[in-house]
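[1] quick check, what structure comes out for this input:
(one chain, ligands or ions: 1)
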Amino acid sequence: MDYDKNLHTECGVFALFSNEINENYYLNTVNGLETLQHRGQESAGIAYIENNKFVIDKKIGLVRDTFAIEKKQVKTNMTLGHVRYSTSGAKTNPLDDVQPLYGNGNKNLGEFVIAHNGNIPHIANKTDKSDSHYIVELLEKTEKTNWNDALIDIHNILKGAYCIVIITKSGMYCMRDQYGYKPLCIGQRHYRNEFVVTSETCSFRVLDKYKIRKHVLPGEILMIDSENGLREVYKKPNKLESKCLFEYIYFMDERSNFDGVMIDTKRKEFGAKLAENDFIISSYIQPDSAIYKEDIVVIGCPNTGIIGGKGYAEKMGIRYEQLIVKKRHMNRTFILPTDEERKKKCREKYEIKESIKDKIVILVDDSIVRGNTMRILIAVLFEYGCREIHVRITSPPIKYPCYYGIDIPTSMELVAFGKTIFETRDFIGATSLMYIPIDHMKEMLSPTKVCSACFTGDFNEELF
Ligand code: SF4
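    This is a model prediction of the structure:
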């Protein structure tokens, strides 16, 4: 994940349930949230139950700079954590919108704490509150006398795109919208009534005592409690599945799987697909070509194009070499007044190996957003003496914003909007430019059905 792309998911959720109290669960939640940091870097929060009371800690900043340093130990059996990048809600008091959020329902439901990942577009027309506050309000106002009925009700009101986790004094609930836009899965510790709920399966690499038990299915509401362990409360009739395509392309950690589909495998296949249809570069490596194969090198843009680049190189049968290495994290590198300053920053940010001189470079990345970062990088690479730079993108051109929880700039800011591929190529200064057509992406993910609205403009009208 490259935070500099300035594309953000709404959030990540991590929760832990056990029927025993333990002082490690809070720290496990901190560790779990760190594995989801790529899903939200603005703020984080952890709620827990201690002595039958809810406590919520909220911080602005990265988990590693806040919760991880603090190393707080509390005795609890239930936690709910959240990392956030906000796309809705007022920001006057930044902690107001930091999740989890506390609520107090009717006398039958009692107190609860909630965290959610996603965005609920039709709420924006009804309130100026964040969608999370709106969900709390719905739950506080419900007249239903048990949690199952209350949540089924809410599930029918909220159309998508979301995953919600709620903790009450007696148990934990998870639910996923019926299109399945966002990932959510559940892990269990062997032979114990101990569960984790997480936005991504990469959490299990750190919390290795837990194994994946199941992915929460689109439209499903699940409950975890001491009496019954994990059980299904409700399964809404299936809508046409619409999983976020961008999760496969960019957002999810490459070590995660989205409902069973391995992200790193898919990203490699995306790179291979580009190679399969790349007639320019395949003509360079024909026996009668005047170009030496040794002069061609595939480079994955650090760090977002590396897997795709390797998939491309393998399929094309040419060399992959990491001749561009990102030195350190620097925020929004290219928001500088002149191209000369942007190039200077680019040279500081990337270590570019001298051996790139005279090479024909196939530069692979997963997406181009505004195009400025790519434009400056290409200009700098030509200054280093590259002969040609062929940009290969393992996604279709992004042309539209997202209303379902991903913060994509407006169409006018997107480099591909209103431009042909040749015009985009000229804007970024590449020798050639190729994307994966949307039909090929969909074929590769079949039988999974994906949302591709930010590429095609085909928005799901039912959500508004
Ligand atoms: S519009 Fe794009 S980013 Fe948003 S959910 Fe659909 S595929 Fe994902």
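[2] output the below-cut-off pLDDT ranges for the stretch 201-350 of the chain.
    328-335 (pLDDT under 70).
[3] how about a cut-off of 90?
    Applying pLDDT under 90 to the stretch 201-350 of the chain picks out residues 208, 236-240, 303, 327-339, 341-342, 345-349.
[4] who does the residue in it that the ligand sits nearest to form a beta bridge with?
    Nearest residue of the stretch 201-350 of the chain to the ligand: Cys244, at 3.3 Å (Cβ to the nearest ligand atom). Using the backbone N, CA and C atoms, a C-beta is placed for each residue, glycine as well. Here Cys244 sits in beta bridges with Cys451, going by DSSP bridges.
[5] what's the answer for Ile406, then?
    Ile406 has these beta-bridge partners by DSSP bridges: Thr9.
[6] that one against Phe251, yeah?
    Yes. Using Cβ atoms under 8 Å, Ile406 is in contact with Phe251, at 7.3 Å.
[7] domains for this protein, by residue range?
    Taking automatic domain parsing as the criterion, the chain consists of the domains 3-241, 262-463.
[8] the shortest one near the ligand at all?
    Yes. Under the criterion of Cβ under 6 Å from any ligand atom, the ligand is reached by domain 262-463 at Cys402, Tyr404, Ile406, Cys451, Ser452, Ala453, Cys454.
[9] now do the residue of the stretch 201-350 of the chain closest to the ligand against Ile368, distance only.
    Look at Cys244 and Ile368: by Cβ to Cβ, to the nearest Å, they are 18 Å apart.
[10] hang on, the earlier thing: can you add mean neighbour count and give the domains of the chain back as TSV?
    Output for the domains of the chain, formatted as TSV (neighbours: other Cβ atoms under 10 Å):
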stretch	mean neighbour count
domain 3-241	20
domain 262-463	18
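[11] sheet partners, orientation included, of the longest strand along the chain?
    The residue-count maximum for a strand in the chain (DSSP state E) belongs to strand 11-22. In the sheet containing strand 11-22, its partner strands are strand 76-84 (antiparallel), strand 194-198 (antiparallel), by DSSP bridges.
[12] out of the domains of the chain, nearest to Ser256?
    Distance to Ser256, taken as Cβ to Cβ, is lowest for domain 3-241 among the domains of the chain, at 4.2 Å.
[13] what about the helices in the stretch 351-464 of the chain?
    Listed in chain order, the helices of the stretch 351-464 of the chain (DSSP state H, counting those that start in this stretch) span 372-383, 421-428, 438-445, 453-456.
[14] got TSV for those helices, with distance to Val13 too?
    TSV is the format used below for the helices of the stretch 351-464 of the chain (distance: least, Cβ to Cβ, whole Å):
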stretch	distance to Val13
helix 372-383	30
helix 421-428	36
helix 438-445	24
helix 453-456	23
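[15] quick one, what contacts Pro237?
    Contacts for Pro237 were tallied using Cβ atoms under 8 Å, 6 or more residues apart in numbering; they are Gln178, Gly219.
[16] for the ligand, which of the strands paired with strand 11-22 is the nearest?
    Closest to the ligand of the strands paired with strand 11-22, according to Cβ to the nearest ligand atom: strand 76-84, at 17.1 Å.
[17] who's in contact with whatever helix or strand comes next after the closest one?
    Note on strand 76-84: by DSSP states H and E, the next helix or strand toward the C-terminus is strand 101-104. If you take Cβ under 8 Å, 6+ apart as the criterion, strand 101-104 is touched by 47, 54, 56, 110-115, 132-133, 136-137, 139-140.
[18] partners of strand 101-104, with directions?
    strand 111-118 (antiparallel).
[19] tell me which residue is most central in the chain.
    Phe251 (3.0 Å; Cα atoms, centre = their mean).
[20] give me phi/psi at that one?
    Main-chain dihedrals, Phe251, degrees, to the nearest 10: phi -70, psi -50.
[21] how close does it sit to Gly317?
    Phe251 sits 30 Å away from Gly317, going by Cβ to Cβ.
[22] now do Tyr162
    Counting by Cβ to Cβ, the separation of Tyr162 from Gly317 is 44 Å.
[23] what do you get for Pro437?
    In terms of Cβ to Cβ, Pro437 sits 23 Å off from Gly317.
[24] from the residues of domain 262-463 next to the ligand, pick the one nearest Asp128.
    Tyr404 (19.4 Å).
[25] now do the phi/psi pair for the residue of the chain positioned farthest from its centre.
    Centroid-distance maximum for the chain: Asp288 at 44.3 Å, with Cα atoms, centre = their mean. In terms of degrees, to the nearest 10, the main-chain angles of Asp288 are phi -90, psi 10.
[26] please apply the same query to the one 10 residues further on.
    Listed backbone geometry of Val298 is phi -100, psi 130, with angles given as degrees, to the nearest 10.
[27] that one and Gln322 touch, don't they?
    No. The pair Val298 and Gln322 fails to qualify as a contact (Cβ under 8 Å) at a distance of 9.9 Å.
[28] can I assume Ser283 sits in a helix?
    Yes. According to DSSP: H, G, I helix; E, B strand; the rest coil, Ser283 belongs to a helix.
[29] surely it and Ser289 touch.
    Yes. Ser283 is within contact range of Ser289, at 6.6 Å (criterion: Cβ under 8 Å).
[30] from Leu336, how far off is whatever residue of the stretch 301-450 of the chain ends up closest to the ligand?
    Closest to the ligand within the stretch 301-450 of the chain is Cys402: 3.0 Å, counting by Cβ to the nearest ligand atom. Here Cys402 is placed at a distance of 27 Å from Leu336 (Cβ to Cβ).
[31] can you pull the contacts of Ala47?
    Contacts of Ala47 (Cβ under 8 Å, 6+ apart): Phe54, Val55, Ile56, Asp57, Thr79, Leu80, Gly81, Pro100, Tyr102, Val113, Ala115, Ile167.
[32] secondary structure element for the nearest residue to Asn148 once chain neighbours are set aside?
    Nearest non-adjacent residue to Asn148, counting by Cβ to Cβ, 6 or more residues apart in numbering: Val233, 5.0 Å away. Under the criterion of DSSP H and E, Val233 resides in strand 229-235.
[33] do a quick rundown of the helices in the stretch 51-200 of the chain.
    Using DSSP H, counting those that start in this stretch, helices in the stretch 51-200 of the chain cover 67-70, 131-141, 147-157.
[34] for the first one, packing partners?
    Contacting helix 67-70 under the criterion 3 or more Cβ pairs under 8 Å, 6 or more residues apart in numbering; DSSP states H and E are the following elements: helix 25-35.
[35] the helix or strand just after the helix it packs on pairs with which strands, parallel or anti?
    Of the helices and strands lying after helix 25-35 in sequence (DSSP H and E), the nearest is strand 43-50. Strand 43-50 has these partner strands in its sheet, going by DSSP bridges: strand 53-60 (antiparallel), strand 76-84 (antiparallel).
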